[in-house]
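Trainee: Pasted the sequence and its predicted model underneath.
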Amino acid sequence: MQQTHNPLESTRYRRGWEKLREIDGAAGERVIESLADIAPDFARYLIEFPFGDIYSRPQLDLKSREIGVVAVLTALGNAAPQLKVHIHGALNVGCTREEVVEIIMQMAIYAGFPAALNGLFAAKAVFAERDAA
């Protein structure tokens, strides 16, 4: 009889879940929960690989990692929901609002003004959400 692997027992999964909660808090948990009925395996992959493997590496601190993520999601120009989650994450791990705005503005050089403008509107929405909370 084949025994099924319980991802909840995996060290990698536990490490990833803890890192996700540290960075993204409730917003990250909502993303994972929203996948439960359509792609639970994908939710597990999101926890194990990005957070359990990559974000847990000691070579960069979480603030540096989130600066990079905010920059690339801004530059992509088509990932506003993910950008908002990671703007929250950047703020959660020590970035200031001013630093987030500067990161996004710098992307105008590399990704164009439309991408930076969309990023600034995402930041504005995140800041307003946090102010209202």
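Mentor: All right, it came through fine.
Trainee: In this protein, which helix is the longest?
Mentor: Using DSSP state H, we find that the single longest helix of the chain is helix 11-34.
Trainee: Please point out which parts of it sit buried.
Mentor: Under the neighbour-count criterion of 16 or more other Cβ atoms under 10 Å, helix 11-34 has 12-13, 15-17, 19-20, 23-24, 27-28, 31-32 buried. For glycine as for every other residue, the C-beta is placed from the backbone atoms N, C-alpha and C.
Trainee: Pull the residues that contact the very next helix or strand once past that helix.
Mentor: Per DSSP states H and E, helix 11-34 leads on to helix 40-46 as the next helix or strand towards the C-terminus. Residues from elsewhere that reach helix 40-46 (Cβ atoms under 8 Å, 6 or more residues apart in numbering): 7, 13, 20, 31-32, 35-36.
Trainee: which one of those is nearest Val93?
Mentor: Leu20 (12.1 Å; Cβ to Cβ).
Trainee: Pretty sure Glu48 is one of the things that closest one touches, is it not?
Mentor: No: here Leu20 does not reach Glu48: they are 10.2 Å apart, not a contact under Cβ atoms under 8 Å.
Trainee: Just give the closest residue to the residue nearest the centre of the chain, not the sequence neighbours.
Mentor: With distances taken as Cα atoms, centre = their mean, His86 lies nearest the centre of the chain, 3.7 Å away. Spatially, and ignoring its direct neighbours in sequence, His86 is nearest to Val69 (4.7 Å; Cβ to Cβ, 6 or more residues apart in numbering).
Trainee: Output the below-cut-off pLDDT ranges for the protein.
Mentor: Low-confidence segments of the chain (pLDDT under 70): 1-9.
Trainee: what's the domain layout of it?
Mentor: By the assignment in automatic domain parsing, the chain contains the domains 7-58, 60-133.
Trainee: quick one: contacts for Leu62?
Mentor: Counting by Cβ under 8 Å, 6+ apart, Leu62 makes contact with 22-23, 55, 93-94.
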